[in-house]
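One predicted model, sequence on top.
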Amino acid sequence: MITAIVQFQLGNDVTTDQAAAMFRDTAPRYLGMSALIRKYYIFDPATRKAGGCYLFESKAAAEDVFDAEWKSLVTAKYGSTPETTFFETPVVVDNVQNEIIGLERDA
C-alpha cells in the first residue's frame, strides 16, 4: 500500500468552514475510485496549509490519479500548486474494522 500526502496553500482569509465546503465539492470525484482505499482532507487553520492524505493499493495507482490534469484541477481550485509525497505503508491499524492490515513477507 502507498500513502500519498498532498499539500497546498490556501489564501489567508480561508476559514475551516470554507475549506470544508471546497473539499466537499471535490469529494465525489474520489468516491468509488478504483485502488483508492481511503482519503482524508486536511487543513491547518493557523497556517492555511491544506491537502489530502490518501491510501492507495499501489504507487502506480496513486501516480495514475496525480497526473497533469489532476495537478491543473487542484491548482485552479485552490490557487496553489500541490506538492505530493509518497510513503510505503506496510501496516495499517483500523480501529473501525478492528483489524490490522499489512503485507505478509517471507522471513
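Cool, the structure landed.

Low-confidence stretches in the protein?
Within the chain, the set of residues satisfying pLDDT under 70 comprises 103-107.

And the helices in it?
Here the chain has its helices, by DSSP state H, at 16-26, 59-65, 68-78.

and I100, which of these is closest to it?
I100 lies closest to helix 59-65 among the helices of the chain, at 21.6 Å (C-beta to C-beta). C-beta coordinates here come from the backbone N, C-alpha and C atoms, glycine included.

Show residues contacting the closest one.
Contact partners of helix 59-65, identified using C-beta atoms under 8 Å, 6 or more residues apart in numbering, comprise 2, 4, 33-36, 54, 56, 86.

coming back round to it: which of the helices of the chain has the highest mean neighbour count?
Highest mean neighbour count among these (mean count of other C-beta atoms under 10 Å): helix 59-65, with a mean of 16.

Give me the neighbour count for the nearest residue to A27 once chain neighbours are set aside.
What sits nearest to A27 in space, not counting adjacent residues and going by C-beta to C-beta, 6 or more residues apart in numbering, is Y41, at 7.5 Å. Number of residues near Y41 (other C-beta atoms under 10 Å) recorded here: 17.

tell me the contacts of Y41?
Counting by C-beta under 8 Å, 6+ apart, Y41 touches 19-20, 23, 27, 50-52.

for the residue found closest to F23 once you drop the neighbours it is linked to in the chain, which residues make a bridge with it?
Excluding its sequence neighbours, the residue lying closest to F23 (C-beta to C-beta, 6+ apart) is Y41, at 4.1 Å. For Y41, the beta-bridge partners are G52 (DSSP bridges).

Tell me how far Y41 lies from G102.
According to C-beta to C-beta, to the nearest Å, Y41 stands 25 Å off from G102.

Please apply the same query to M1.
M1 sits 9 Å away from G102, going by C-beta to C-beta.
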